[in-house]
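Enquirer: Just a sequence and a predicted model for now, questions to come.
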Amino acid sequence: MHTFIRVLALSAAALATPALADVPKVQTDIPPVAALVMQVMGDLGTPGVLLDKGADEHDLQLRPSQMRALNDAQLLVWVGPALTPGLETARQSSPNLQSLALLDDPATLRLAYLDGGTNPHAWLDPTNASLWLNLIAQRLSALDPDHAATYAANAATAQTQIAVLDADLSRQLAGLTQSFVTYHDAYGYFTTHYRLPTAGGLAAGDAAPPGAARLSTLRAQAEKGQITCAFPEAQHDPALITNLAEGTAVFVGPPLDPVGSTLDPDRNAYDKLMTNLTQSLLTCANKP
Ligand SMILES: [Zn+2]
């Protein structure tokens, strides 16, 4: 009898402090977005990342274990369905999951692909990454008001770091005046923000293999010396890029990784992605 009363008393005590310090479970789409969420959450929690290493962001499909993780989460922070259409279907089948689609926020700077349609690779402009830190802090605070001050302070610290990174990359990229081709048309945010000349992507923005007309246009430009450098990408066969350059003066640079699919998804992944991209592109300015 005494034991029974004690159990009741303990249960009542547990019920009296509902949800206090309940940090939301968060899932994210890609490593740079995960890094921004990690910076805002700090030591309070760690979000999951749904893109597998080496995978193509445009073709993201969830495994059953990832589907369960998504169902178990309170919040999905992602770029949005324009980047990962496969995630939209999964999200809709998780009725209790809140969605923060960063590209869809009216304050996000949105650019079009060279051939039209919204380019979703918007994290490649650090202005957007900085804005997104605020959006993430606001949404986490709404779900977890007890930690609102921490989320806001962490976001402010991360914004300072992005400003330092941005100034540093700006300085370095001032030396890149050569036009270059990339595997897919993902880099408009980066080349616009840093005012870089670009000859565009071999493939369109969704990374689907290019058609013969696009290839022969670029090949003609390469033969006329209108393209200085070409860059393959980590997730895609480099053959199309090496074929484009073969027998011409086009310099083939190291593979780019615009989505961070080769990176460990830690809180430095955004900085690393932007720094690696800058270092890789600068091989075009410094080529032999
Ligand atoms: Zn892409």
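Expert: Happy to help now that I have it.

Enquirer: which helices and strands does the helix or strand where A149 lies pack with?
Expert: Per DSSP states H and E, A149 falls inside helix 148-173. Using 3 or more C-beta pairs under 8 Å, 6 or more residues apart in numbering; DSSP states H and E, the elements in contact with helix 148-173 are helix 31-41, helix 126-143, helix 269-285. C-beta here means a position set from N, CA and C on the backbone, and glycine is covered the same way.

Enquirer: Name the residues that touch the last one?
Expert: Here helix 269-285 makes contact (C-beta atoms under 8 Å, 6 or more residues apart in numbering) with 31-32, 34-36, 39, 123-124, 126, 129, 161-162, 165, 169, 172-173, 175-178, 180, 190, 196, 228-229, 231, 251, 253-260, 263.

Enquirer: Please identify the deepest-packed of the helices and strands packed on helix 148-173.
Expert: Mean neighbour count (mean count of other C-beta atoms under 10 Å) peaks for helix 31-41 among the helices and strands packed on helix 148-173, with a mean of 27.

Enquirer: quick one on the thing from earlier: now the helix holding A149 against helix 31-41, angle please.
Expert: With axes from the mean of the first three to the mean of the last three C-alpha atoms, to 10 degrees as the basis, helix 148-173 and helix 31-41 are set at 140 degrees to each other.

Enquirer: What average pLDDT does helix 148-173 get?
Expert: For helix 148-173, mean pLDDT is 98.

Enquirer: buried set for it?
Expert: 150-152, 154-155, 158-159, 162, 165-166, 169, 172-173 (16 or more other C-beta atoms under 10 Å).

Enquirer: now these as TSV including distance to L60?
Expert: Listed next are the buried residues of helix 148-173 as TSV, based on distance: C-beta to C-beta, whole Å:
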residue	distance to L60
T150	30
Y151	27
A152	31
N154	27
A155	26
A158	25
Q159	28
I162	25
L165	26
D166	28
L169	27
Q172	31
L173	29
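
Enquirer: Nearest to S216 among those residues?
Expert: L173 (30.5 Å; C-beta to C-beta).

Enquirer: Surely the closest one touches Y194?
Expert: Yes. The criterion here is C-beta atoms under 8 Å, and L173 meets it with Y194 at 4.6 Å.

Enquirer: So, low pLDDT: which residues of this protein?
Expert: Scanning the chain for pLDDT under 70 picks out 1-21.

Enquirer: Mind splitting it into its structural domains?
Expert: 26-170, 174-285 (automatic domain parsing).

Enquirer: What's the separation between the most centrally placed residue in the chain and Q138?
Expert: The centre of the chain sits closest to P32, judged by C-alpha atoms, centre = their mean, with a distance of 4.1 Å. Using C-beta to C-beta, to the nearest Å, P32 is found at 19 Å from Q138.

Enquirer: again with Y189
Expert: 22 Å.

Enquirer: Which of the helices and strands packed on helix 148-173 sits closest to L218?
Expert: Closest approach to L218 among those is made by helix 269-285 (15.9 Å; C-beta to C-beta).

Enquirer: Next, the residue nearest to G117 when sequence neighbours are not counted: secondary structure please.
Expert: Distances taken as C-beta to C-beta, 6 or more residues apart in numbering place G205 nearest to G117, at 6.8 Å, with adjacent residues excluded. Put simply, G205 is coil when judged by DSSP: H, G, I helix; E, B strand; the rest coil.

Enquirer: same check, this time on A249
Expert: Strictly by three-state DSSP, A249 counts as coil.

Enquirer: That one - how many residues pack around it?
Expert: A249 is flanked by 10 other residues according to other C-beta atoms under 10 Å.

Enquirer: wait, what's in contact with it?
Expert: Counting by C-beta under 8 Å, 6+ apart, A249 has contacts G225.

Enquirer: give the contact list for I227.
Expert: Residues counted as contacts of I227 (C-beta under 8 Å, 6+ apart) are S179, F180, V181, A199, L218, Q221, T248, V250.

Enquirer: Please report phi then psi for the second one.
Expert: In this entry, F180 is assigned phi and psi values of phi -140, psi 160 (degrees, to the nearest 10).
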